[in-house]
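predicted structure and sequence below. I'll ask about it afterward.
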Amino acid sequence: MWFHDVPGKNLSAELELELEPIAPSILAFASSEFFPIDDALLGNEGRAHNFHFTVHLEATFRYVGSESFTFNGDDDLFVFINGRLVLDLGGVHGAESRSVEVDDIATAADLEPGGDFALDLFFAERHTSGSVFQLALYGFQACEA
């Protein structure tokens, strides 16, 4: 129910995150005040920000080797590559950081060099004290899905 519209429970809207090049072959998005739906959809529920939202980001990348990513954020984060869970940072918590070296999970995720694979990130903001969302992709080659 978190990541799909359910009448009377939640609504969705398109969100585009602009990844910025911060160095050769490094793309990043960083916000220590990540509130993409303030004053929209079901509103802020009497708060300064809309703290109760989820985000599903999806992309396709070509696996060439040596890719990695780092995420720093509060509350739930789940990352799947080729349908396999590769990062589980679930629960309500302060900002935490985790990294994944794609080569380390390549066999378990059935990745073959030169192949195109899905990258899905699921994020849920549930804590009402702040919202941190920082993502850095190292060496990823994006593909048209």
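Great, that's in hand.

from now on I want contacts and neighbour counts done on CA atoms only, so please keep to that.
Fine.

okay, helices next: where are they in the protein?
Taking DSSP state H as the criterion, the chain carries its helices at 102-105.

and the closest residue to residue 49 other than its chain neighbours, how many neighbours?
Spatial nearest neighbour of residue 49, chain neighbours left out: residue 38 (5.4 Å); criterion: Cα to Cα, 6 or more residues apart in numbering. Using other Cα atoms under 10 Å, residue 38 is surrounded by 16 other residues.

what's in contact with stretch 134-141?
For stretch 134-141, contacts defined as Cα atoms under 8 Å, 6 or more residues apart in numbering pick out 25-32, 61-63, 66-73.

mind doing that once more with 6 Å?
Outside of stretch 134-141, the residues within contact range by Cα atoms under 6 Å, 6 or more residues apart in numbering are 25-31, 61-62, 67-72.

which members of those residues are the farthest-apart pair?
Longest distance between any two of the contacts of stretch 134-141 is 26.6 Å, between 31 and 62; criterion Cα to Cα.

mind listing the residues bridging to the residue most central in space within the chain?
For the chain, the residue nearest the mean C-alpha position is residue 121 (3.8 Å; Cα atoms, centre = their mean). Beta bridges link residue 121 to residue 57, residue 79 when assigned by DSSP bridges.

most distant residue from the middle of the protein?
residue 46 (26.6 Å).

can you tell me how far the closest residue in space to residue 120 that isn't next to it in sequence is from residue 2?
In space, and not counting its chain neighbours, residue 120 is closest to residue 58: 4.5 Å by Cα to Cα, 6+ apart. Plainly put, residue 58 is 16 Å away from residue 2 if you go by Cα to Cα, to the nearest Å.

the helix or strand bottoming out on mean pLDDT in the chain pairs with which strands?
The helix or strand of the chain with the poorest confidence is strand 141-143; it has a mean of 82 (mean pLDDT, DSSP states H and E). With DSSP bridges as the test, strand 141-143 is paired with strand 53-62 (antiparallel).
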